[in-house]
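Student: structure for this input, please:
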Amino acid sequence: DSIFFRDGVRRIDFVLSYVDDLNKEWEKKLERRKEFESNLQKAGLELETEDKKESEDGKIYFVKIHAPWEVLITYAEVLNIKVPIKENDIPSMVENPLDCMLAPLRLPEKVMHPEPDYFTAPFSKEKQELYLINDQSTFFSPSMRNRIVNYILTRCPYGTEEGKKKFGIKRLLNNGTYSAAYPLHDCQYWKKANDPNCDNERYTLYMEWARFLRFYKEQPLDLIRKYYGEKIGIYFAWLGFYTEMLFLAAVVGLICFLYGLFTMDENMSSKEICDPEIGGEIIMCPLCDRECEYWRLNTTCVSSEYSHLFDNVATLFFAIFMGIWVTLFLEFWKRRQARLKYEWDLVDFEEEQQQLQLRPEYEAKCTQKKKNPVTQEMEPYLPITSQAVRFCISGTTVLFWVSLIIASMIAVIVYRLAVYAAFASLMENTQTLQPISGLLTPQLATSVTASCLNFVIIMILNFLYERIAIWITDMEIPRTHMEYENRLTMKMFLFQFVNYYSSCFYVAFFKGKFVGYPGAYTYMFNRWRNEECDPAGCLIELTTQLTIVMAGKQIWGNIQEAIVPWICNWWGRRKARNNPENLYSRWEQDHDLQIFGALGLFYEYLEMVIQFGFITLFVASFPLAPLLALMNNILEIRVDSWKLTTQYRRPVAAKAHSIGVWQEILNGMAILSVVTNAFIVAFTSDMIPRLVYYYAYSESEDSPMSGYINNSLSVFQISDFPERNKPKLNPENFVICRLVYRDYRYPPDHERRYLHTMQFWHILAAKLAFIIIMEHVVFIVKFFVAWMIPDVPADVKAKIKREKYLTQKILHEYELEKLKERL
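Tutor: Prediction:
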């Protein structure tokens, strides 16, 4: 279980593996490997090959790679890697008086801060004596070493084919010359290594971070960054911060839900619906044409009581609160990110450095060259005509898939319309369903089955589109890795946004809004009658839709992330268990693990940002959404850490100073959430019609809301039914019926019969006024809060200036010393 060459001195920084298969490509692959490995040695790397006879299955060759000191210092300068020059003498922050209370949540100091804090400067070969080099073998951390070796591997040539110069390990992996390329974990995760020189960081991460029983503990971010690199470190920092902030939103949401629960008995609307003297005497118009019968309003008693849980005054408060919470979350994250940038030596790290590093695929596919105005060197470029054609194909493909989602949503709506009539008829005519008919209304039964069907369609489309998105992004040939990731992010997010939220937007803003009235119903495709909302409102259906899609996605995501890799690894290792452990080498153990991949973090961010959309865009309909998200995220942190530490090969370390384009996406969703929640409160909930009735149309001073149900349900004369809509049976000879949804129309004996009353226009005006007022109030508070909170904390600004000053002073003194020596 060693991470060293056979001499026990030289550390293994990277491993390549291949299978010697005797097919028609065998000679070509052998030639490529010889050329590639020869060029790696010319670049200064040292190689050691393990014969297939030594491997557990007797088929796989392993090429171990070691980067000697000379190679490391050369490429450390090329990659502008910062290294220590002096121990940090800036005093740490003033101790928090609450620290003693938070002690149970803390991890040991050695785990939280595995290295002392240093002032750093970019490495230079000429100034080696300036840096704190105590031991050349440990000066560069394993994550820095594997990053340097990976840089060489991605740019190393292996010959010329079809007149083109071929290079890079990625291409060799794609054409099967090598089967895998990966850096090694430093030990097994469940026990420490026998070697005293091993840091056992993987074991420490597993014991202190990756086990679910540690869910209440803080994350060892410095150790994560040291072992996996800054890019993965910043993801876990963001996820941890997001989860901490969710705690506040979850508590407030739970209070709003409990308010709805404790005031259920005081809700006058559901009291009137449930009262046999009021709701029992109100005869409702049939839910579908011909087959459905007339029914009494009090059959929806239970669903109207439950709708009050989410449709009450606290909903408005929570919608405004969440608008402000989103701003606080984003602004405080900027401050947290600024602190991490300082602590992790990323202050001067700019994406421009990454911009200079072209993707190997770009260099290989772009044959034309032009002079770079910055570096004044010739470099490959893609002609503008080729770019335009590729973007047109890419844009058309994305539009096609978005259209496919909209088509599938229309198909689900058609399903809802077709099945709705069947459920309505079934529940009215089947005696066995009578006991649950109060709870399971036709609207709710349709909504639940349609939500489940919609979730299945979402998952299938996601699976297919992921592969299409990667293919079209590859086809565009982005110039840099950052550009590649940003383009893929925008494509995937646009698709997922439409895919996950379209059904919620339909229920929130379209369902029940274009129904018409008996005798003039609106039909989809001139065949299916448009859906009506429950007499208690559409909000309970939006809650159902949101719960099923959000909870289903979280459960499915955790199954995919944890159980699938575990099963794959168990299956891959089943043969190895038959052999003694001392014959199962470290590189073979890691070879049998799953590949994290360049887009591994991309999918983690995407999952969390989609969840962020659920808890912000539609939170007015479901105050418990932040609590669900909080419980999921506590599990998510441990699942992600467990799979990364135990189920995946060690990823190549990469730098990042922020969460990148995701920050802009979160800002956009924060602004959109204010608009959607204002519209949900105004148009989907029943709050504005109730307020208008309370202040303008109430007839009782003692009980202002009494009579609201009778006032809000329009009257229709049954004799006015056209033949197409008229029920086949009317055994009790009813003369009038009420419209199922809130609709304010003149009665049949009025001269303007069935046209909208003035109350309808008053309510509409109140809704529009509410949207404008709420949006302006929340936006003003949001922008004021954003202006008040500086992006970089004052103490961090001071530390950055102090470090720059001291670093320049040390460098200046060093140059003076050198000058004196020369003189």
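Student: tell me the domain boundaries of this structure?
Tutor: 14-81+123-184, 361-479 (the TED database).
Student: reformat the ones you listed as TSV; add distance to Phe596, mean neighbour count and mean pLDDT.
Tutor: (C-beta placed from N, C-alpha, C; glycine too.) TSV is the format used below for the domains of the chain (distance: least, C-beta to C-beta, whole Å; neighbours: other C-beta atoms under 10 Å; pLDDT from 0 to 100):
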stretch	distance to Phe596	mean neighbour count	mean pLDDT
domain 14-81+123-184	9	17	87
domain 361-479	16	15	79
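Student: make a markdown table out of these and add distance to Met788.
Tutor: Output for those, formatted as a markdown table (distance: least, C-beta to C-beta, whole Å):
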| stretch | distance to Met788 |
| --- | --- |
| domain 14-81+123-184 | 36 |
| domain 361-479 | 38 |
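Student: SS state for Gly253?
Tutor: Three-state assignment for Gly253 (DSSP: H, G, I helix; E, B strand; the rest coil): helix.
Student: per-residue confidence for it?
Tutor: Looking at Gly253, its pLDDT is 94.
Student: same question, Ala696
Tutor: 90.
Student: excluding chain neighbours, what is closest to it?
Tutor: Take Ala696 and drop its neighbours on the chain: the residue closest to it by C-beta to C-beta, 6 or more residues apart in numbering is His762, 6.6 Å away.
Student: tell me how far the host helix or strand of the one you found lies from the chain's centre.
Tutor: Per DSSP states H and E, His762 falls inside helix 758-788. Computed by C-alpha atoms, centre = their mean, to the nearest Å, the chain-centroid distance of helix 758-788 equals 29 Å.
Student: buried set for the helix or strand following that helix?
Tutor: Sequence order places helix 794-822 as the next helix or strand after helix 758-788, per DSSP H and E. Across helix 794-822, burial judged by 16 or more other C-beta atoms under 10 Å covers Val796, Lys799, Ile800, Glu803, Leu806, Thr807.
Student: turn the residues you listed into CSV, including distance to Ile406.
Tutor: Below are these laid out as CSV (distance: C-beta to C-beta, whole Å):
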residue, distance to Ile406
Val796, 46
Lys799, 51
Ile800, 49
Glu803, 53
Leu806, 59
Thr807, 56
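Student: can I get those residues in CSV with distance to Lys370 and pLDDT?
Tutor: Shown next, in CSV, are these (distance: C-beta to C-beta, whole Å; pLDDT from 0 to 100):
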residue, distance to Lys370, pLDDT
Val796, 41, 86
Lys799, 42, 83
Ile800, 37, 84
Glu803, 39, 82
Leu806, 42, 83
Thr807, 37, 82
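Student: how about Asn267, nearest residue that isn't a chain neighbour?
Tutor: Asn267 sits nearest to His308 (C-beta to C-beta, 6+ apart), 4.4 Å away.
Student: right, and the residue nearest to Ala696 touches Tyr693 too?
Tutor: No. Between His762 and Tyr693 there is no contact under C-beta atoms under 8 Å: 9.8 Å.
Student: more neighbours, the two?
Tutor: Tyr693 (21 against 17; other C-beta atoms under 10 Å).
Student: what's near enough to touch that one?
Tutor: Residues in contact with Tyr693 (C-beta atoms under 8 Å, 6 or more residues apart in numbering) are Met705, Tyr708, Asn711, Ser712.
Student: please identify, among these, the one with the most neighbours.
Tutor: Highest count within the contacts of Tyr693 by other C-beta under 10 Å belongs to Ser712, 22 neighbours.
Student: need the nearest residue in space to that one, chain neighbours excluded.
Tutor: That would be Arg742: by C-beta to C-beta, 6+ apart, it lies 4.9 Å from Ser712.
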